[in-house]
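**Q** need a 3D model of the sequence below.
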Amino acid sequence: MDRITLTGVTAVGHHGVFDFERREGQPFVVDAVLYLDFAKAAESDDVQDTAHYGEVAQRITQWISGEPLNLIEALAVRIADGLLDEFGLAAVDITVHKPQAPIEVPFGDVAVSVHRARRDGEKRAGGQQAQGEGP
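**A** The predicted model follows:
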């Protein structure tokens, strides 16, 4: 399966279990691996036949800065499910980093990762039928 990788998509969000996290916000960083078949895009050489990574990055920032959630696990799933639905992907890997998490000891980063794949027979964006695709 072909893939597009976006790393370091960053926006300020208000996710967290503490009141100050929701009030003040902090940066969240998302890495995304999009799995899809490039055959049609390679033949047409048209951005409409692939997952437009500029649009994908924009949607990720909208989810980061959107409705607050308690857990970055929930944010990762929201992004993964949304990308599958909106961009007709076969599968997606999402990692959400929270580099300024309120942790009492020195640390470099905290991150969660999810993998979501379209199930056999599930409809893709544009009405295409998925046929057991995935990495």
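**Q** partner strands of the host helix or strand of Ala11 and their direction?
**A** Assignment of secondary structure by DSSP states H and E places Ala11 within strand 2-13. Partner strands for strand 2-13, per DSSP bridges, with pairing direction: strand 26-36 (antiparallel).
**Q** about what we covered before: which residues are contacting the strand holding Ala11?
**A** Taking contacts as CB atoms under 8 Å, 6 or more residues apart in numbering, the residues outside strand 2-13 that touch it are 25-38, 50-51, 53, 56-57, 60-61, 64-66, 68, 75, 135. Heads up, the C-betas are built off the backbone N, CA and C, glycines and all.
**Q** can you name the next helix or strand after it?
**A** If you walk from strand 2-13 toward the C-terminus, the next helix or strand you reach (DSSP H and E) is helix 19-24.
**Q** outside of that following helix, which residues touch it?
**A** Contact partners of helix 19-24, identified using CB under 8 Å, 6+ apart, comprise His14, His15, Gly16, Pro68, Pro102.
**Q** quick one, longest helix in this protein?
**A** Determined from DSSP state H, the single longest helix within the chain is helix 72-87.
**Q** what subset of the contacts of strand 2-13 is buried?
**A** Buried residues within the contacts of strand 2-13, counting neighbours by 16 or more other CB atoms under 10 Å: 25-26, 28-36, 50-51, 53, 56-57, 60-61, 64, 75.
**Q** quick one: mean pLDDT over stretch 100-118.
**A** pLDDT averaged over stretch 100-118 equals 97, rounded to a whole number.
**Q** just the C-alpha atoms of the longest helix of the chain, please, in CSV.
**A** The C-alpha coordinates for helix 72-87 follow below in CSV (Å, rounded to 0.1, in the frame of the first residue of the first chain):
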residue,chain,number,x,y,z
ILE,A,72,-5.0,12.9,23.7
GLU,A,73,-6.0,9.3,23.0
ALA,A,74,-9.5,10.7,22.2
LEU,A,75,-8.0,13.4,20.0
ALA,A,76,-5.9,10.8,18.1
VAL,A,77,-9.0,8.6,17.4
ARG,A,78,-11.0,11.7,16.4
ILE,A,79,-8.3,12.7,13.8
ALA,A,80,-7.9,9.1,12.5
ASP,A,81,-11.6,8.4,12.1
GLY,A,82,-12.1,11.9,10.5
LEU,A,83,-9.3,11.4,8.0
LEU,A,84,-10.6,7.9,7.0
ASP,A,85,-14.1,9.4,6.4
GLU,A,86,-13.1,12.6,4.7
PHE,A,87,-10.2,11.5,2.4
